[in-house]
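A.B. asks: Predicted model and sequence below, questions to follow.
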Amino acid sequence: MTGPQFTLYSVLAHEGLSQSDVTIVSQPFSMQPFIDKQYDVATVTLYNELNTLKEQGIDNIKTFLPDDSGVTTQQDSIVTSEKMIKEKPEVVQAFLDATLKGWKYAFEHKAEAVDIVMAAGSGLERKHQELMLDEIEKLMRARLGGSEGLGAIDMASIKAVHDSLIEYKALAAPVDLEAAFDGSFWAKTPADAKSM
């Protein structure tokens with residue numbers, strides 16, 4: 001397992017269930033075992049696997065969001081090393097600025113963004129790419145992304161995830177979150193690159 005199991009463990013606990021109340025299996029990257037009814041519940045990303053199911057006409061499903069059970073989850077992050085920050089802060093800043101500017105441009109010019117992805121990849125389905133872009137936009141605009149700007153770091157959410165990881169032994173000891181997350185680069189990103 002690669003990490004989502006800790007979200008599952010937290011949801012079960014918040015719903016008053018123990019891990020022994022259910023049978024937990026390691027899920028492959030394919031949704032086919034779920035489609036074939038080899039198991040009753042699967043982990044999906046809202047922007048990818050859930051759309052895959054819908055595209056195959058599977059819409060008689062119930063979606064359980066961790067937030068509905070009081071479990072906060074943190075989405076994708078941009079990661080670099082302390083060495084890179086120290087030795088090449090201008091590269092870190094330029095990368096973050098370009099990334100956020102690129103996402104904003106993609107959201108404002110969706111057809112063009114999908115055209116670029118389709119031209120760069122083989123075997124892709126346009127409708128799936130369009131659906132993924134729509135869902136990614138919703139995720140990036142949720143919470144602080146909508147009020148403060150794309151890529152805003154939600155330290156309260158990160159703390160909640162951290163505490164859950166400690167509780168379920170994914171982390172052996174607490175982490176200094178203030179040292180692990182550096183919002184200074186995001187703060188320096190031009191507002192027009194991150195505001196929607």
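C.D. replies: Arrived safely. Numbering: from 1, shown residues only.

A.B. asks: I58 is in contact with I35, isn't it?
C.D. replies: Yes. Using CB atoms under 8 Å, I58 makes contact with I35 at a distance of 6.6 Å. Any C-beta I mention is one placed from the backbone N, CA and C, and that applies to glycine too.

A.B. asks: in the helix or strand harbouring A119, what's buried?
C.D. replies: A119 belongs to helix 110-120 when assigned by DSSP states H and E. Neighbour-count burial for helix 110-120 flags 113-114, 117 (criterion: 16 or more other CB atoms under 10 Å).

A.B. asks: Please name the residues that touch the spatially closest residue to L133 that is not a sequence neighbour.
C.D. replies: Nearest in space to L133, with sequence neighbours left out and distances taken as CB to CB, 6 or more residues apart in numbering, is K110 at 5.7 Å. Counting by CB atoms under 8 Å, 6 or more residues apart in numbering, K110 touches 130, 133-134.

A.B. asks: Now the lowest-mean-pLDDT helix or strand in the chain - C-alpha only, CSV.
C.D. replies: Here the helix or strand of the chain ranked lowest by mean pLDDT, DSSP states H and E is helix 4-14, holding a mean of 81. Below are the C-alpha coordinates for helix 4-14, written out as CSV (Å, rounded to 0.1, in the frame of the first residue of the first chain):
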residue,chain,number,x,y,z
PRO,A,4,-4.3,6.1,0.9
GLN,A,5,-4.9,3.3,3.4
PHE,A,6,-4.3,5.8,6.2
THR,A,7,-7.2,7.9,5.0
LEU,A,8,-9.3,4.8,5.0
TYR,A,9,-8.2,3.9,8.5
SER,A,10,-9.1,7.4,9.7
VAL,A,11,-12.5,7.3,8.0
LEU,A,12,-13.3,3.9,9.6
ALA,A,13,-12.3,5.1,13.0
HIS,A,14,-14.4,8.3,12.7
